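Q: Provided below are the primary sequence and the corresponding predicted coordinates.
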Amino acid sequence: MGCPSGSDSSPRDQHIHAHSSQSGEQNAKTKGRVNADGIDTVTFHVTDSTVTLRSSGFPMPSGRVVNVMVTGVDSRLGDPMGHADANHLIRFFLDSGCVEIISMPRDTYGDAGFEDSTGLNRLTNVRANRGRNTYLKAICEIACVSHVDYWVEFGFSQAIGLLELMGYKENASGTLRVLRSRQAYSAGDFQRVYNQGQFIRQAMLRAFDQTDNIVGELGLRASLAIVETNMTYEACEQILDELRAHGFSSEDPTRIWVRMKPALVTKLKVYSFDQANVLEINKEISHKIGKLGLDSVPITEETYERRLARLIERAAADSARSAGSVVRLLKRPFEQRAWLQVPDLAMRSAYRDRMCGLLTSSYRRMKNPDAAKRIEDYVQIEKKVNASR
């Protein structure tokens with residue numbers, strides 16, 4: 001898949017010669033074409049919260065850029081293999097104080113190692129079948145960028161934890177259902193991935209001005225602890241400081257926008273994802289899915305909790321015999337933060353403490369104190385966050 005000439009390849013790979021006057025001129029151009037909903041008014045025609053996506057005309061800020069790939073992984077409890085269900089490249093233009101979110105549908109073509117006749121060569125399967133490095137190369141090709149600086153991955157349980165940190169404490173599972181649903185929309189997966197991109201944009205705008213205080217620091221550290229990532233708190237802090245110094249704020253929605261790649265022309269809805277509206281969207285989805293005789297995202301919390309409980313009990317039964325067996329059983333569920341999917345907070349804490357206690361004890365028996373310490377550090381962060389709510 002080729003990128004057109006003059007594409008938005010990473011400015012980090014070019015000579016950085018943008019002076020303040022050039023950046024100011026570029027920002028003025030960006031502001032002139034992006035409205036308060038983060039929609040490029042040259043590229044999009046806006047009518048009653050509907051946008052028509054076209055393929056060109058997006059702002060192209062200059063200067064240094066940091067590319068962060070955010071991937072929602074669909075994997076079962078304890079399963080090391082995960083399909084890339086949500087794919088969003090977030091580009092932080094440091095010198096321009098702008099952010100671009102490139103959202104890519106899961107079924108975009110990608111060489112997953114299958115015969116083309118199978119129909120399985122899709123981006124979602126590249127992550128599952130060929131691993132993270134090949135997946136990130138595929139992302140670069142689709143998004144027309146030269147590299148990814150940082151990656152962030154999370155599954156269903158981790159997403160619940162992140163949504164609770166964002167303030168969706170009472171309806172995290174319903175919010176996740178809204179963001180994962182595609183069958184209720186006429187545009188299907190295109191609407192779903194665009195919804196996700198807009199959700200990220202709106203969440204960043206709500207939270208940005210609170211990231212430089214103690215509560216914001218705790219929330220950011222907790223978010224990084226929940227997900228799997230190669231990104232450090234210091235790297236996040238540097239990005240936020242650079243954006244802040246160059247004019248990005250919660251008060252200026254024109255500095256962050258969502259685009260889709262591969263480019264397409266289609267009409268999509270623009271939703272507000274505040275808590276009240278999420279409840280209404282969820283009701284709409286239930287109504288439409290009910291009429292179709294489908295459930296887009298079946299939520300079986302009781303079944304899941306029983307599976308989690310059985311897994312922990314099995315590890316506990318093996319603990320006296322084999323520390324290695326405990327690690328094999330619980331290492332992946334710990335990485336998935338599997339307990340966060342349990343809605344009852346007291347039971348959630350009980351599952352976490354039992355799982356983490358078994359793992360830390362086993363790691364110490366295996367002469368791996370560093371692994372035990374990492375688990376204990378995570379638990380302390382989670383307890384601090386819970387205490388602050």
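A: Okay, I see it. These figures come from a predicted structure and were not determined experimentally.

Q: What are the boundaries of the strands in the stretch 251-389 of the chain?
A: 256-260, 266-269 (DSSP state E, counting those that start in this stretch).

Q: Low-confidence bits of the stretch 151-300 of the chain, can you list those?
A: 293-300 (pLDDT under 70).

Q: domain parsing for the protein?
A: Split into domains by automatic domain parsing, the chain comes to 26-276, 301-388.

Q: Tell me which of the ones you listed is the most buried.
A: domain 26-276 (a mean of 19; mean count of other CB atoms under 10 Å). To be clear about C-beta, it is placed using only N, CA and C from the backbone, and glycine gets the same treatment.

Q: looking at the strands of the stretch 251-389 of the chain, which is closest to residue 70?
A: Residue 70 sits nearest to strand 256-260 of all the strands of the stretch 251-389 of the chain, at 12.6 Å, using CB to CB.

Q: residues in contact with the closest one?
A: Contact partners of strand 256-260, identified using CB atoms under 8 Å, 6 or more residues apart in numbering, comprise 34, 38-40, 53, 58-59, 98-105, 190, 193-194, 197-198, 200-201, 204-205, 248.

Q: Just the helices from this structure, written as ranges.
A: 20-33, 123-143, 156-165, 172-180, 189-207, 214-226, 233-245, 275-292, 301-319, 323-335, 345-365, 369-388 (DSSP state H).

Q: Output these in a markdown table; the columns should cover distance to residue 264.
A: Below are these laid out as a markdown table (distance: least, CB to CB, whole Å):
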| stretch | distance to residue 264 |
| --- | --- |
| helix 20-33 | 20 |
| helix 123-143 | 12 |
| helix 156-165 | 26 |
| helix 172-180 | 20 |
| helix 189-207 | 7 |
| helix 214-226 | 31 |
| helix 233-245 | 29 |
| helix 275-292 | 23 |
| helix 301-319 | 35 |
| helix 323-335 | 35 |
| helix 345-365 | 41 |
| helix 369-388 | 39 |
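
Q: So which of those is nearest residue 93?
A: Per CB to CB, nearest to residue 93 of the helices of the chain: helix 233-245, 8.4 Å.

Q: Just the angle for the closest one relative to helix 189-207, thanks.
A: On the basis of axes from the mean of the first three to the mean of the last three CA atoms, to 10 degrees, helix 233-245 is oriented at 80 degrees to helix 189-207.

Q: Just want the most central residue of the protein.
A: residue 70 (4.4 Å; CA atoms, centre = their mean).

Q: correct me, but that residue touches residue 200?
A: Yes: using CB atoms under 8 Å, residue 70 is in contact with residue 200, at 7.2 Å.

Q: okay, and the common contacts of these two?
A: 88, 90.

Q: Spit out the contact partners of the residue nearest to residue 74 when sequence neighbours are not counted.
A: Ranked by CB to CB, 6 or more residues apart in numbering and with sequence neighbours excluded, the top spatial neighbour of residue 74 is residue 85, at 4.0 Å. Contact analysis of residue 85 by CB under 8 Å, 6+ apart lists 72-74, 106, 124, 180.

Q: circling back: of all the domains of the chain, which one comes closest to residue 286?
A: Here domain 26-276 is closest among those (CB to CB), at 8.6 Å.

Q: I'd like the distance between residue 195 and residue 186.
A: Remark: distance between residue 195 and residue 186 (CB to CB, to the nearest Å) = 13 Å.

Q: ditto for residue 135
A: With distances taken as CB to CB, residue 135 is found 29 Å from residue 186.

Q: Likewise for residue 82?
A: Residue 82 sits 29 Å away from residue 186, going by CB to CB.

Q: you'd agree residue 369 is up against residue 363?
A: Yes: in this structure, residue 369 is within contact of residue 363 by CB under 8 Å, at 7.1 Å.

Q: Tell me who's in contact with residue 343.
A: Counting by CB under 8 Å, 6+ apart, residue 343 touches 173, 301.

Q: Understood, closing this out.
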